[in-house]
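> Turn this into a structure:
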Amino acid sequence: MRLRKRPELYEAIKNYQDIVFLHGRVEDALVDKKEISLEIGTGRGAFLTKLALLDRKTFYVGIELQTEVIYFAARRVREAALDNVRLIQGNAYNIEEWFTFGQISTLYINFCDPWPKTRHIKRRLVAKNFLEKYQKIIKLGGQLHFKTDNKDLFAFALEEFQVLGLPILHESYDLHKSGINNPAWTEYEEKFYNLGFPVCYAQVSFGR
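I've put the predicted structure just below:
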């Protein structure tokens, strides 16, 4: 999705440097946190802030590339007065630069770009090359939660999980009819639900 450029937000985001990491490693700020959950592609932060409000003991980190989007996530975090959320502005491909081995307890990937063309397979956030990166930062017994409205991407993800020998704890092509616990919804999820479109879901273990 092409976003309309908003130059004023590039200046405004500087007012949220206590929430948003714009450069470098974040491990020093998180080193004393026992449980860290990470969302890749956090968007405007609705999902992450809901989780953070439900569980104040866990520290939540969201990664988002676009300034035009992450600004609104940072503003949402501040308005909710959440001290257990931080945001990273950057590309998820560099995830190993931000986190140490086994630092993440839970990883969330919600409604990521499906990159449908074959030549773009390696850009999919659930492709083998990304999953191998996650294996390095997710602790023993940690989990990945994946939601998408794209059935082809979901089928692809299930195959990639199996290739790497990652146990699938739960899977459904219609999450909201499955009875699986789903404490926080994304903005896309609410939109698709209201339109009557099913959401696919998988929960995967990263036991080593």
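
> C-alpha from now on. contacts and neighbour counts both.
OK.

> so where is this structure shaky, pLDDT-wise?
Residues of the chain that meet the criterion pLDDT under 70 lie in 1-5, 22-33, 208.

> and the longest strand for it?
strand 138-148 (DSSP state E).

> Which of the residues in it are classified as buried?
The neighbour-count check on strand 138-148 (16 or more other C-alpha atoms under 10 Å) flags 138-140, 142-148 as buried.

> Nearest to L51 among the residues you listed?
H145 (13.1 Å; C-alpha to C-alpha).

> surely the closest one meets C200?
No - between H145 and C200 there is no contact under C-alpha atoms under 8 Å: 10.7 Å.

> Return the list of strands paired to the longest strand of the chain, each annotated with direction.
strand 104-110 (parallel), strand 200-205 (antiparallel) (DSSP bridges).

> ok, then the element right after that strand?
Downstream of strand 138-148, the first helix or strand assigned by DSSP states H and E is helix 151-163.

> Determine the set of other helices and strands touching that following helix.
Using 3 or more C-alpha pairs under 8 Å, 6 or more residues apart in numbering; DSSP states H and E, the elements in contact with helix 151-163 are strand 200-205.

> Put the alpha carbons of the strand it packs on into CSV.
In CSV, the C-alpha atoms belonging to strand 200-205 read as follows (Å, rounded to 0.1, in the frame of the first residue of the first chain):
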residue,chain,number,x,y,z
CYS,A,200,-6.5,-17.5,9.3
TYR,A,201,-4.4,-18.2,12.4
ALA,A,202,-1.5,-20.3,13.4
GLN,A,203,0.4,-20.7,16.7
VAL,A,204,3.8,-22.2,16.4
SER,A,205,6.4,-23.3,19.0
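
> Around D55, count how many other residues there are.
12 (other C-alpha atoms under 10 Å).

> meant to ask about I109, not that
17.

> Show me what it is bridged to.
On the basis of DSSP bridges, I109 is bridged to I40, F146.

> quick one, what contacts it?
39-41, 125, 144-147 (C-alpha atoms under 8 Å, 6 or more residues apart in numbering).

> Distance check, it against I13.
Separation of I109 from I13 (C-alpha to C-alpha, to the nearest Å) stands at 24 Å.

> One more: E79?
Per C-alpha to C-alpha, E79 is found 14 Å from I13.

> If you count surrounding residues, which of the two has more?
Per other C-alpha under 10 Å, whichever of E79 and I13 has more neighbours is I13, with 19 against 9.

> Give the closest residue to that one in space, chain neighbours not counted.
In space, and not counting its chain neighbours, I13 is closest to Y71: 5.6 Å by C-alpha to C-alpha, 6 or more residues apart in numbering.

> in terms of contact, does that neighbour touch P7 like I think?
No - checked against C-alpha under 8 Å, the pair Y71 and P7 is beyond contact range at 11.7 Å.
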